[in-house]
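# Requesting a structural model of the entry that follows:
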Amino acid sequence: MFDETLRRLSGSLFRALSARFAWMLLAFGLLLAPAFAQAANPSGLPLPRFATTRSEPINVRVGPGTKYEVAWTYLKSGIPVEIVQEFDTWRKIRDVDGTEGWVHQNLLSGTRAGYAAPLVANGELALRSNQSDEAGIRARLGAGFKVIIKQCDGTWCEVTAIGQDANQRSTSYSGYLHQEELWGVYPDEVFD
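Next up, the predicted model:
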């Protein structure tokens with residue numbers, strides 16, 4: 001009889017301690033979750049996200065640090081890239097061609113830029129004067145034409161396209177493009 005009572009007590013005590021231990025583990029995990037998230041993403045900014053190169057030239061490396069080889073070099077600033085991973089102060093970027101490499105965070109800017117990416121092969125994008133397919137056309141942009149993205153509403157993006165005329169003079173056109181036809185902004189992304 002004494003053994004049976006002891007067995008019941010130890011069983012109920014074990015269940016009570018197990019339940020409390022489970023709750024303590026859950027609470028401890030919830031407290032540590034932000035620390036693990038910060039370690040995985042040091043900036044605290046969402047991944048992936050778009051940015052642009054800040055200066056020129058910029059060496060893109062095969063790993064996160066100066067001890068790694070240079071994979072390629074950007075010779076111009078303002079090139080749109082996608083940040084896909086973070087390690088300490090280094091950012092793994094992807095360019096429009098899908099090539100990936102690492103750059104230091106100080107070499108990137110939050111300025112938004114993108115490339116015209118017509119849905120039709122070898123097509124052109126109509127830069128519209130307003131957010132409507134019926135609005136006047138300010139310019140036609142071929143695939144890969146770089147634009148500065150000012151804002152997007154999830155459907156349309158306000159952009160500035162800068163090019164050169166036949167006399168090598170800089171010309172600038174501002175207007176609206178369909179968001180889905182830009183590389184440098186996510187579908188349905190909204191920002192201003």
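# from here on, contacts and neighbour counts on C-alpha atoms
Noted.
# show me what contacts the most centrally placed residue in the chain?
Computing the C-alpha centroid of the chain and ranking residues by Cα atoms, centre = their mean puts Arg49 first, at 0.9 Å. Listed by Cα atoms under 8 Å, 6 or more residues apart in numbering, the contact partners of Arg49 are Glu82, Ile83, Val84.
# Against Tyr74, how distant is it?
Distance, Arg49 to Tyr74, by Cα to Cα, to the nearest Å: 19 Å.
# Same check on Asp88?
Separation of Asp88 from Tyr74 (Cα to Cα): 22 Å.
# cool, Leu127 as well?
Leu127 sits 27 Å away from Tyr74, going by Cα to Cα.
# and the gap between the residue nearest to the centre of the chain and Ala126?
Distance, Arg49 to Ala126, by Cα to Cα: 26 Å.
# ok, now Asp192?
Per Cα to Cα, Asp192 is found 22 Å from Ala126.
# more crowded one of those two?
Ala126 (21 against 9; other Cα atoms under 10 Å).
# Please state the offset of the helix or strand hosting Gln85 from the chain centre?
Here Gln85, judged by DSSP states H and E, is contained in strand 80-87. Chain-centre distance of strand 80-87: 6 Å, with Cα atoms, centre = their mean, to the nearest Å.
# Mind checking the pLDDT average for that strand?
Averaging pLDDT along strand 80-87 gives 97.
# And stretch 50-68, by the same measure?
97.
# Next: stretch 95-107.
Per-region confidence: stretch 95-107 scores 97 on mean pLDDT.
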